[in-house]
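Trainee: Curious how this folds, go ahead:
(one chain, ligands or ions: 2)
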Amino acid sequence: MSQLLAGKHAVVLGVLNKWSIAYAIASAFTREGASLFLTYQNEKQKQTVEEFGSELKAAAVIQCDVTKQEDIARLTGELRNAAPVIDAVVHSIAFANKEDLSRPYLETSRDGYLLAQEVSAYSLVSVARALAPLMAKGGSITTLTYLGSSRVLPNYNVMGVAKAALEASVRYLAHDLGPSNIRVNAISAGPIKTASARGIKDFSKILDGVAATAPLRRNTDPAEVADTAVFLASDLGRGVTGNVVFVDAGFQIMGIGGTAL
Ligand code: NAD
Ligand code: IMJ
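Mentor: Ligands and ions are numbered 1, 2, ... in the order given. Just a heads-up that it's a prediction; the model follows:
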């Protein structure tokens, strides 16, 4: 099959290491012929992400902490100089204080709440506002979410509330940007062992429970999340906007789980 993203320029935010969902997405985008721009949060990640950049033949690797407006402005300027237009943006970023992901949600501090919202939800709005003017031919913005936005998953807490805001932002941004032919969607991935899952209490039990319950009787592979990101960024996804696409082996449809039946 011919390459689905040939001739497209894509920005992927959120590569930390080779387990990152954003790394799987960047690899799939390269496979499909996209010209890639990667961003990383801070100096600590610079070397690793630059190595991925060479491996994936990225056009540029740019530092961008999404909580800093000057970083977003610099990213926008560098992209404007380097690419004729941007066609696709992938936002694969989340953060909350570790202690807010273990004690009861009731104990969430004002600062912890605002931090999770700023990094995990508002950043989609600021990135969309900065990059939409570069998407002169229309295009696609895709973010990553999780079922904890709408169901209670123990310990997901303040992140669940931030994902609810993120998914609502997807709908409002889709409304604002639709007239510019820019589509905005989220992929709701099943649990995947990444750095963002490390140290989460009982994560292996969650993986086993999901695999026992999901219709496909297995967990989610980052490569299948990446292939859905390719679809959404490609012209095949041209009619899809404001949506949350579940890539979770079907877990989300179930009303009872595990070995109950
Ligand atoms: P990851 O830790 O590899 O990725 C998280 C990324 O967020 C990192 O690259 C980190 O540098 C970046 N980040 C955090 N704060 C930032 C800031 N201020 N500025 C810029 N970047 C910042 O983990 P992941 O699992 O690949 O997570 C990617 C996305 O997928 C997240 O939105 C996460 O909520 C979502 N997700 C993960 C799972 C899972 O089970 N791993 C499931 C569903 C959705
Ligand atoms: C995270 C916490 C609690 C339960 C969880 C998760 N489940 C899953 C995740 C069931 C699947 C992973 N996930 C979907 C996330 O969005 C993770 C976000 C995250 C993780 C950390 C860990 C380290 C830290 N801050 C974090 N902030 C956000 O210090």
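Trainee: how about low-confidence regions in the chain?
Mentor: 1, 259-261 (pLDDT under 70).
Trainee: mind checking the SS state of residue 143?
Mentor: At residue 143 the chain is in strand, as set by DSSP: H, G, I helix; E, B strand; the rest coil.
Trainee: so who does it touch?
Mentor: 90, 91, 92, 124, 166, 170, 184, 185, 186, 187 (CB atoms under 8 Å, 6 or more residues apart in numbering). (Glycine included, C-beta is placed from N, CA and C.)
Trainee: Inside helices: which ones of these?
Mentor: The helices, defined by DSSP state H, take in 124, 166, 170 from the contacts of residue 143.
Trainee: Nearest to ligand 1, out of the contacts of residue 143: which one, please.
Mentor: Nearest to ligand 1 among the contacts of residue 143 is residue 92, at 4.1 Å by CB to the nearest ligand atom.
Trainee: so how far is residue 136 from the residue lying closest to the closest one once chain neighbours are set aside?
Mentor: Distance criterion CB to CB, 6 or more residues apart in numbering; nearest residue to residue 92, sequence neighbours excluded, is residue 14 at 3.2 Å. Per CB to CB, to the nearest Å, residue 14 is found 24 Å from residue 136.
Trainee: who has more neighbours, those two?
Mentor: Of the pair residue 14 and residue 136, residue 14 is the one with more neighbours under other CB atoms under 10 Å, namely 25 against 13.
Trainee: Residue 60 and ligand 1: what is the separation?
Mentor: According to CB to the nearest ligand atom, to the nearest Å, residue 60 stands 16 Å off from ligand 1.
Trainee: you'd agree that residue is up against residue 82?
Mentor: Yes. With contact defined as CB atoms under 8 Å, residue 60 counts as touching residue 82 (5.6 Å).
Trainee: Between these two, which contacts overlap?
Mentor: With CB under 8 Å, 6+ apart as the test, residue 60 and residue 82 both reach residue 37.
Trainee: With distance to ligand 2 as added columns, please give the contacts of residue 143 in a markdown table.
Mentor: As requested, the contacts of residue 143 are arranged in a markdown table below (distance: CB to the nearest ligand atom, whole Å):
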| residue | distance to ligand 2 |
| --- | --- |
| 90 | 15 |
| 91 | 13 |
| 92 | 10 |
| 124 | 14 |
| 166 | 10 |
| 170 | 15 |
| 184 | 19 |
| 185 | 17 |
| 186 | 12 |
| 187 | 12 |
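Trainee: will you turn those residues into a markdown table that also has neighbour count and distance to ligand 1?
Mentor: Listed next are these as a markdown table, based on neighbours: other CB atoms under 10 Å; distance: CB to the nearest ligand atom, whole Å:
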| residue | neighbour count | distance to ligand 1 |
| --- | --- | --- |
| 90 | 26 | 10 |
| 91 | 25 | 8 |
| 92 | 25 | 4 |
| 124 | 24 | 10 |
| 166 | 27 | 8 |
| 170 | 25 | 12 |
| 184 | 29 | 15 |
| 185 | 25 | 14 |
| 186 | 26 | 9 |
| 187 | 26 | 8 |
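Trainee: Fine by me, thanks again.
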